[in-house]
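Asker: Provided below are the primary sequence and the corresponding predicted coordinates.
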Amino acid sequence: MWTFVFKRFLVAIPTLLLISVLVFAVIQLQPGGFLENMLEDPRVSRETVERIRQQYLLDQPVWVQYVNWLAGVVRGDFGYSFLNNRPVSELIWERLGWTVFLALVTIFATWVIAIPLGIYTALRRHGFGATLANFIGYFGLATPDFLVALLLIFAVLSAGGTSVGGLFSPQYIDAPWSWAKVVDMLGHLWIPIIVIGLDGTASIMRQMRANMLDVLSQDYVRTARSKGLAERVVLWKHAVRNAINPLISIAGLSLPNLISSTIIASIVLNLPTIGPFLYDSLLNKDQYVVMALLMMSAVLLMIGNLLADLALAWADPRIRYE
Amino acid sequence: MSKRRAVWLAGLLALGTIALAQPKTVTGYGNLGVAPGKAGGSLTLALGSAPQTLFYYGAVDSAIQALANQMFDGLIEYNLGNYKIEPGLAVSWSIGGGSKVYTFNLRRGVKWHDGRDFTADDVVFTYSQIVANPEARGGDAGNFAGVKIEKLDPYKVRFTLPKPAPAFIHYMRLPIMPKHKLLPFSQEGGKAPAEINNAWPTNVNPQEVVGTGPFRLQSYTAGQQITLVKNPDYWKRDAEGTALPYLDRLQYLIITDSQARVAQFLAGNLGQINITGAEFPDLKRREVQGAPFKVVQFRALFGSPPHLAFNFDAKNPDLARLFRNSDFRRAIQFAVNRQRVIEDVYNGLAELPGNGMAPVSEWYYDTRKLLGTYDLKAANAALDKLGLKRGPDGIRLLPSGKPLEFTLTYGSNSAAFTGIATILQNDLRQVGVKVNLQGILAANLLSTGRGKDWEAIILGLGDQPDPELRTPIWKPGGALYYWHQSTQPATPEGAPQFNNFLPWEKEIYDIWEKAASTTNVTQRKALYDRWQAIFAREAMVIMIAKEYAAGAVSNRYGNYVYSLGVIPGYNPVPLMFQR
């Protein structure tokens, strides 16, 4: 078991190196950058731009920049943001809290809603409830999240509401935690949960439904029923436990979504998460911020995969890594 | 000294200090709808991006520009109505020594937010240690090279210029920084020149960020909001003697997306937003239907009117030859339907453009007749005259026999630029010119234009109150004279490549050279008038339209005057009050 984990870590190192080279190369291919646009300001001269290029070592060859960055990473220094003139790690840390919070809440809501719905729609395949859930599911899959966000904002505005973006009303953003602040947050939170979670809920629900249908037609389910087990036991102990296995791998893959999947929705909903920060950095070619965030995303993907594999081994006695 | 005399003296001194405080009374904006307001209340505004730093000179960043306008003051500022220069932290000034010596008398009794006195030391420090520091990312070393800055007494400073610079007074609008807080980051404080950029990062203790401005920093929540509170000792008063600013609090929410800004405004979470022509009709309709806000439009000086530029150095030599030809650009101009752009793209919220100067500017020269009118027949005739015959498919042929087609680069995430590009493409097709559209991010337009890989581009560059401030754009060979890059110096410090100048470019160059050392306003105006006429006559770049400024303000607030927010020295917010 531990050998397995250790091996996976060893394999991860060359993979991450390769990813970092690719990401760095792609950033360099992007035209423009924040320096050029500075010239439009009447107080900036060509000389100033050259000075800044030198300050950031951007006048060095690309490979030198890469090696410097890599050497920094080995020392635990992820570089600094050109735009903010501050260490990248600090900037990410500032925004990490709400990002993780939102992601966890959304993932939790997604699974809590999607799994029972998947089971329900599999058991009552032709009932009205299942048809309705399926319809909403298809709608969720087919509609881009930003559009859902705009529709919800429009609905809230039409109903005379004021919670149309962000996680708090302006007066609560800086306020210390209080019951009123929590209530205010809950009033805002449901929109991002729906917007970010709808897509995932729909797809997990559909998967769970398909797996359930698959499992329910298996011989061992029939056997279980025929030996007189209670339907409840057949369902939860034999069917669901088998049907849920493939979803564990999917859960592992969803970890990097923390960073990258909600960019557009976060911008439209004005959420204080890492997504808009990454977008801004990409536009401005703030290369070390982009590198740090994309590498973080890659690392999360690997960790997620590893956790999923371990969880699978735990959930399914047939799987053993030796 | 007898005891009585000492008391007398102390009394006189005390009186003297009171008399020495020199508040500025802000009056005369009745035509802008400004009336005496009442103190109190708070206002929430939007910022389009998070500030990169809280130090104005540490970055060129619109967010800190907007914030600095509220937290700091310059020596001079602009009149909100006519953009004329008025006293700010300087109460008066004189220009002598052949227009090379500027002497400023500073306002007495002005306090920094932490209670320290504002003096000449702060001014000298700001300009010599920060603005003139070539390593400061948001400094202006280029315009302060060789400028001698001296303190004459605690309330008097003198700038001595190496040569006359008529627009120099405009650079005096830059925010003055506190020496007592920033000395440790400066060369005078023993640090390397680049160290100044590390002052006041976004996680600085807000108490450290002190200015003289109407509001002071209270807190910054990363990526979400900035809160400013009233400076009770601010040096401005309204006509009735009430201290400005009226508002107790000014909050900025960071909202990147313009739709989200509008939604937050409609929900009542924002008190005022700036909008575009595209957003105008919907908001205006709501206003007419009784929504509790007003949508207003102004002819504004600041803002970036779009133009159509052709690359005189295009890689395709046939195209480059054509693009350099003023007859060709004038022919194309006949096919530019400015009225339609104004109606359809800007929803009527725009006017015919100036050539390099905004139509409301005192420097504007009326070039409307030279801009020509939309006339496809005339365009066809002019193109025929250039020998560009139509091919079998209706597309004109270049002398080489290849079809006349080029790529038009525009900002695809800007509704206005996209609209203009499609209208141009459509009309040019009718005169036998094939245009292929290439949409890129609007933020990358300038860097693309300054590169070599483009043929035609739609780009907007900001208008300023004095033409001199835009020298790099309009003077041939300048850093932003991007449509004819072969005129630019071959080496960074070199002279422009005069051998590549077209005759009319040489003429413009001479005008700008002369204007830069002319201090007589009438003569300068005459010179810049001639430049604008040549610009228009040669269709150097084809100006499209000048957008009006539009904003929406909640009925809860009075005394709203439109501002871009980011222009140093133009700040109407202290006059706003909550009803």
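Answerer: Sure thing, it's come through.
Asker: residues touching the residue lying closest to B:Pro134 once chain neighbours are set aside, list them.
Answerer: Spatial nearest neighbour of B:Pro134, excluding adjacent residues (CB to CB, 6 or more residues apart in numbering or on different chains): B:Ala141 at 4.0 Å. C-beta: built from backbone N, CA, C; applies to glycine. Contact analysis of B:Ala141 by CB atoms under 8 Å, 6 or more residues apart in numbering or on different chains lists A:Ser45, A:Glu47, A:Thr48, B:Val131, B:Ala132, B:Asn133, B:Pro134.
Asker: Between which two of those is the distance greatest?
Answerer: Of all pairs drawn from those, the one with the longest distance (CB to CB) is A:Glu47 and B:Val131, at 14.0 Å.
Asker: Find the least confident helix or strand in chain A, judged by mean pLDDT.
Answerer: Every helix and strand of chain A was ranked by mean pLDDT, DSSP states H and E. The lowest is helix A:257-260, at a mean of 67.
Asker: With just CA atoms, put stretch B:462-470 into CSV.
Answerer: What follows is stretch B:462-470, C-alpha atoms only, in CSV (Å, rounded to 0.1, in the frame of the first residue of the first chain):
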residue,chain,number,x,y,z
GLY,B,462,-7.1,58.5,-24.6
ASP,B,463,-7.7,62.3,-25.1
GLN,B,464,-5.9,64.7,-22.7
PRO,B,465,-6.5,68.4,-22.0
ASP,B,466,-3.3,69.5,-23.7
PRO,B,467,-1.9,68.1,-27.0
GLU,B,468,1.6,68.2,-25.6
LEU,B,469,0.6,65.4,-23.2
ARG,B,470,0.0,63.1,-26.2
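Asker: same question for it, mean pLDDT?
Answerer: Mean pLDDT, computed over stretch B:462-470, is 88.
Asker: Please enumerate residues in contact with that stretch?
Answerer: By CB under 8 Å, 6+ apart, stretch B:462-470 touches A:40, A:42, B:78, B:83, B:165-167, B:170, B:301-305, B:354, B:356-358, B:361, B:363, B:461, B:474, B:515-516, B:528, B:531, B:546.
Asker: Apply 7 Å and report the result again.
Answerer: A:40, A:42, B:78, B:83, B:166-167, B:170, B:301-305, B:356-358, B:361, B:363, B:516, B:528 (CB atoms under 7 Å, 6 or more residues apart in numbering or on different chains).
Asker: Now intersect those residues with the strands, please.
Answerer: Counted as lying in strands by DSSP state E, out of the contacts of stretch B:462-470, are B:Tyr78.
Asker: For the buried ones among the contacts of stretch B:462-470, write the corresponding PyMOL selection.
Answerer: In PyMOL syntax, the buried subset of the contacts of stretch B:462-470 is picked out as below (16 or more other CB atoms under 10 Å in any protein chain shown):
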select buried, (chain A and resi 40+42) or (chain B and resi 78+83+166+167+170+301+302+305+356+357+358+361+363+516+528)
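Asker: And the pLDDT at B:Arg261?
Answerer: 90.
Asker: and what of B:Met1?
Answerer: For B:Met1, the predicted pLDDT is 44.
Asker: same deal with A:Asn37?
Answerer: We note a pLDDT of 68 for A:Asn37 in this prediction.
Asker: same check, this time on the one 10 residues further on
Answerer: Note on A:Glu47: pLDDT of 77.
Asker: Give me the helices and strands touching the helix or strand that it is a member of, please.
Answerer: Element membership for A:Glu47, per DSSP states H and E: helix A:46-55. Other elements packing on helix A:46-55 under the criterion 3 or more CB pairs under 7 Å, 6 or more residues apart in numbering or on different chains; DSSP states H and E are helix A:34-38, helix B:141-144.
Asker: Pick the one among the contacts of B:Ala141 closest to B:Ala21.
Answerer: B:Val131 (27.2 Å).
Asker: who touches that closest one in this structure?
Answerer: B:Tyr57, B:Gly139, B:Asp140, B:Phe144, B:Leu174.
Asker: State the distance from B:Gly41 to B:Phe577.
Answerer: Applying CB to CB, to the nearest Å, the value for B:Gly41 to B:Phe577 is 7 Å.
Asker: With neighbour numbers in mind, choose between those two.
Answerer: B:Phe577 (24 against 17; other CB atoms under 10 Å in any protein chain shown).
Asker: I figured that one hits B:Tyr560, correct?
Answerer: No. B:Phe577 lies out of contact with B:Tyr560 (CB atoms under 7 Å); the separation is 9.8 Å.
Asker: Flag every residue of the stretch 51-200 of chain B that's near chain A.
Answerer: B:52-53, B:58-60, B:134-135, B:137, B:139-142, B:194, B:197-198 (CB under 7 Å from any CB of the partner chain).
Asker: can we see that at 8 Å?
Answerer: B:52-53, B:58-61, B:134-135, B:137-143, B:171, B:174, B:194, B:197-198 (CB under 8 Å from any CB of the partner chain).
Asker: Show me just the buried residues among those residues.
Answerer: Neighbour counting over these (16+ other CB under 10 Å) leaves B:52-53, B:58-61, B:134-135, B:137-143, B:171, B:174, B:194, B:197 as the buried ones.
Asker: about what we covered before: identify the residues contacting the helix holding A:Glu47?
Answerer: With CB under 8 Å, 6+ apart as the test, helix A:46-55 has contacts from A:35-36, A:38-39, A:59, B:134-135, B:137, B:139, B:141-142, B:194, B:197, B:472, B:479, B:492.
Asker: And the furthest pair within the residues you listed?
Answerer: Across the contacts of helix A:46-55 (CB to CB), the longest gap, 23.5 Å, separates B:Ala194 and B:Pro472.
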